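below: sequence and its predicted model.
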Amino acid sequence: MFYYILANSSRIIDGLVRHLYIIAASLPISVTIGVAAGILISRNKRAERIVIGIANILMTIPSLALFGFAIIIMSPLGMGIGVPPAIFALVIYSFLPITRNTVLALHAVPSSTIEAARGMGMTPRQILRRIQLPLAIPLLMAGIRNACVMGVSVTTIAYLVGAGGMGHFIFAGMTRTRLDMVLAGAVIVAVLGIATNYLLVMLERAVTPRGLMLEQNKE
Amino acid sequence: MAIELINAEKTYGDIYAVKDLTMTIPDNQITILIGPSGCGKTTTMKMINGLIPKTNGDIKINGTSIDEWNPIQLRRNIGYIIQEIGLFPHYTIFDNIATVPRLLHWEEKKIRQRVLELMDLVNLDPDEFLQKYPSQLSGGQRQRVGVARGLAADPDIVLMDEPFGAIDPINREKIQDSFLEIQKEIQKTIVFVTHDIHEAIKLGDSIAILDEGSLVQFDSAYNVVNNPATPLVEDLLGSDRAFKGLALLRVKDHMTKTFTTLTKSVSPADALQTMKQHDTKFAFLVDGRNNKLLGVVTAKDIKKRRADSLDKLSKQSEYIQPYATLLESLTKLFSSGFTALPVIDDKNVLVGVIHMQTILDQIEEMSILETAEDEA
Ligand SMILES: Nc1ncnc2c1ncn2[C@@H]1O[C@H](COP(=O)(O)OP(=O)(O)OP(=O)(O)O)[C@@H](O)[C@H]1O
Ligand SMILES: [Mg+2]
């Protein structure tokens, strides 16, 4: 496996760059849509039930099938193959869990805290921005982290829609029954997942308000 | 700012949380809401600041119906201290207290000054606490921060939902004393929820008793204690109702200002002489410069122990504050074993003495013992 990595380092780097590119292009979109949608629907009980219901169903669709749908949907736009459907599929795949977690995170803020804020005359917007969102950060970030780490491994499937990436080594390796190639791809994706997780944990620590960290450490 | 409730009601389905409540809450006074759990105290409070929309009737703040107030403006003008405290965990203590002044766009300098003032009021050391977060404080300390936060923008009306409930009894009495002392100055219209009848009698100018959402009695604290309207109110007052009358009377109104003080420089022999002249068996040792209380010296100790300075002879003494009640004094007198208690202000200056006999006389004068005998 190491021999394979060394011998094919330039192809692996290309694959890695492509892999990261797909992730980097789609995850910011899903985080933005996911968090925004979460905030919007958290204000309406019915919207919330419907969206979370749909999210739960969509999340049971195998990721492979989702890439298939992406091809079908994007084809009429002339983007049925390559990076665009991959990004599309990845966004769909990851924004729903982010939405769901955003809603859960906002609801996890103690109602007494929100009551106090209302009682002091904060507007709903001020409550959201100054109280709810900061207090929701730990759970919110955990949701984003989960979605991203999953996204890293799901992106391997992008290879099947012609988008390239690390999936190449795994799927091509499988058809050629080259164990070292499959292993190289799998191990690198795994390391990438671990690194992503680590980076996001650091980010989470950096953006969690100090008062909340103290509270968590106490528990 | 007057608060008027006119047939105000709140229903949940067919359950009345508050039923046909009519009362005018007097300006610049403390009005207590008391009653069993679930009787509608919190609901009444939240209807006043619009957190819970009333179902029927009307509520007027300053003559204007609550329906016509902009709820945001209204709430910024009414201090609200919620039962669950509800500090913002991601804000420092300073930022928590500064919340409403910031919403009102006060200048930072003015806010800082006000926060320091409030920390003093609730008896928390600013240097120690202002930069801490709520999770680093004890329950009682958090509650005091909650009180400071509610008073921060100097609102005319303050709603306080069991604000001292989580504070230990000793600190609670102290904070009640300073609260009364401050109220004398600031004269806010305060609606105060408690389920502690002692607290109600001590703090309340008037007391409203609620039961299952309805008003059972609304009267001055004195009248509630002496003429409970219903068996429920009697129950609330308890079997030792007679003694509770003492909670209506404040130390400052019944202490004597004639007492014997000594300074450290006085020799024990001279001290004995002075006591004899004043016909007393004890005297208070004070700091000659500022009259701060240092301890108590008894004639018995001087005779028995033959030390060369009063300093060595003086003992720590129980003390009480001017705004404490006679009931609290009585408890302290019993535990101290003396027949008189020094009264000191919040700077430790000796301002008076309260005698056991005075308290016993009061019991007689209020003829509350007679009432008790009649019942027995
Ligand atoms: N959202 C709600 N839905 C249904 N019933 C409610 C709701 N909120 C309060 N109640 C009911 O209204 C009544 C009054 O409640 P409230 O909170 O005012 O009581 P309280 O006097 O403050 O009690 P406590 O001393 O326990 O704080 C209670 O019987 C309660 O069960
Ligand atoms: Mg309550």
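Happy to help now that I have it. Ligands and ions are numbered 1, 2, ... in the order given.

which SS class is B:D311?
helix (DSSP: H, G, I helix; E, B strand; the rest coil).

what packs against the helix or strand hosting A:P85?
Using DSSP states H and E, A:P85 sits in helix A:83-107. Applying 3 or more Cβ pairs under 8 Å, 6 or more residues apart in numbering or on different chains; DSSP states H and E, one finds that helix A:83-107 contacts helix A:9-41, helix A:45-58, helix A:63-74, helix A:133-154. Bear in mind the C-beta positions are built from the backbone N, C-alpha and C, glycine included.

how about those, which one is nearest ligand 2?
Each of the helices and strands packed on helix A:83-107 has some distance to ligand 2 by Cβ to the ion; the shortest is helix A:133-154, at 23.5 Å.

and the closest one, how far out from the chain middle?
Chain-centre distance of helix A:133-154: 7 Å, with Cα atoms, centre = their mean, to the nearest Å.

quick one, it and helix A:83-107 angle?
150 degrees (axes from the mean of the first three to the mean of the last three Cα atoms, to 10 degrees).

pull the distance from the helix or strand following helix A:133-154 to the chain's centre.
Of the helices and strands lying after helix A:133-154 in sequence (DSSP H and E), the nearest is helix A:167-175. On the basis of Cα atoms, centre = their mean, helix A:167-175 sits 23 Å off its chain's mean C-alpha point.

if we can go back for a sec, can I get the helices and strands packed on helix A:83-107 in CSV with mean neighbour count and mean pLDDT?
Shown next, in CSV, are the helices and strands packed on helix A:83-107 (neighbours: other Cβ atoms under 10 Å in any protein chain shown; pLDDT from 0 to 100):
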stretch, mean neighbour count, mean pLDDT
helix A:9-41, 18, 90
helix A:45-58, 13, 85
helix A:63-74, 17, 81
helix A:133-154, 20, 91
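
the helix holding A:P85: which residues count as buried?
Within helix A:83-107, the residues that qualify as buried are A:83-106, counting by 16 or more other Cβ atoms under 10 Å in any protein chain shown.

how about the residues of chain A near chain B?
A:110, A:112-113, A:115-123, A:126, A:131, A:134-135, A:209-212, A:214-215, A:218 (Cβ under 8 Å from any Cβ of the partner chain).

restricted to buried residues, select those residues in PyMOL.
The PyMOL selection below is limited to those of those classed as buried (16+ other Cβ under 10 Å):
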select buried, chain A and resi 113+115+116+117+118+119+120+121+122+126+131+134+135+209+211+212+214+215
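
could you give the average pLDDT over whichever strand or helix holds B:K276?
Element membership of B:K276 [criterion: DSSP H and E] is helix B:268-277. Average pLDDT, helix B:268-277: 88.

for B:Q187, what are phi and psi?
phi 50, psi 50 (degrees, to the nearest 10).

chain neighbours aside, what residue packs nearest to it?
B:N28 (4.1 Å; Cβ to Cβ, 6 or more residues apart in numbering or on different chains).

so what's residue 204 closest to, chain neighbours aside?
No chain was given, so I picked chain A. Among residues not flanking A:E204 along the chain, A:M141 sits closest, at 4.1 Å (Cβ to Cβ, 6+ apart).

oops, wrong one, chain B.
B:G204 sits nearest to B:I32 (Cβ to Cβ, 6+ apart), 3.7 Å away.

isn't the residue nearest to B:Q187 right up against B:T189?
Yes. The pair B:N28 / B:T189 is scored as a contact, 5.9 Å apart, by Cβ atoms under 8 Å.

in chain A, which residue sits closest to chain B?
With Cβ to the nearest Cβ, the shortest gap between chain A and chain B falls at A:A116, namely 3.1 Å.

can you give me the distance of that residue to B:N96?
9 Å (Cβ to Cβ, to the nearest Å).

common neighbours of these two, please.
Common neighbours of A:A116 and B:N96, using Cβ atoms under 8 Å, 6 or more residues apart in numbering or on different chains, are B:L87, B:F88.

quick revisit: just list whatever residues bridge to the residue nearest to B:G204.
Beta-bridge pairing of B:I32 under DSSP bridges involves B:F192, B:I207.

dump the residue contacts of the closest residue to ligand 1 within the stretch 101-250 of chain B.
For the stretch 101-250 of chain B, the residue closest to ligand 1 is B:H195, as judged by Cβ to the nearest ligand atom, at 5.7 Å. Contact analysis of B:H195 by Cβ under 8 Å, 6+ apart lists B:I34, B:G35, B:P36, B:S37, B:E162.

report the central residue of chain B.
B:Q176 (2.3 Å; Cα atoms, centre = their mean).

and the closest residue to ligand 1 within chain A, how far is that from B:E181?
Closest contact between chain A and ligand 1, by Cβ to the nearest ligand atom, is at A:S111 (10.8 Å). The spacing between A:S111 and B:E181, counted by Cβ to Cβ, is 35 Å.

quick one on the thing from earlier: what's near enough to touch the residue nearest to A:E204?
A:M141 neighbours (Cβ under 8 Å, 6+ apart): A:L200, A:L203, A:E204, A:V207, A:T208.

list the residues that contact the residue nearest to the first one when sequence neighbours are not counted.
Closest residue in space to A:L200, ignoring its immediate chain neighbours: A:R145 at 4.2 Å, by Cβ to Cβ, 6+ apart. With contacts defined as Cβ under 8 Å, 6+ apart, A:R145 is in contact with A:N197, A:L200, A:V201, A:E204.

element containing the last one?
With elements delineated by DSSP H and E, A:E204 resides in helix A:179-207, which encompasses its position.

buried ones in that helix?
Going by neighbour count (16+ other Cβ under 10 Å), the buried part of helix A:179-207 is A:180-186, A:188-189, A:192-193, A:196, A:200, A:204.

make JSON lines out of the residues you listed and add distance to B:V343 and pLDDT.
Formatted as JSON lines, the buried residues of helix A:179-207 follow (distance: Cβ to Cβ, whole Å; pLDDT from 0 to 100):
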{"residue": "A:D180", "distance to B:V343": "90", "pLDDT": "88"}
{"residue": "A:M181", "distance to B:V343": "90", "pLDDT": "88"}
{"residue": "A:V182", "distance to B:V343": "87", "pLDDT": "89"}
{"residue": "A:L183", "distance to B:V343": "85", "pLDDT": "89"}
{"residue": "A:A184", "distance to B:V343": "85", "pLDDT": "88"}
{"residue": "A:G185", "distance to B:V343": "84", "pLDDT": "88"}
{"residue": "A:A186", "distance to B:V343": "81", "pLDDT": "90"}
{"residue": "A:I188", "distance to B:V343": "80", "pLDDT": "90"}
{"residue": "A:V189", "distance to B:V343": "78", "pLDDT": "91"}
{"residue": "A:L192", "distance to B:V343": "74", "pLDDT": "92"}
{"residue": "A:G193", "distance to B:V343": "71", "pLDDT": "93"}
{"residue": "A:T196", "distance to B:V343": "68", "pLDDT": "93"}
{"residue": "A:L200", "distance to B:V343": "62", "pLDDT": "93"}
{"residue": "A:E204", "distance to B:V343": "56", "pLDDT": "91"}
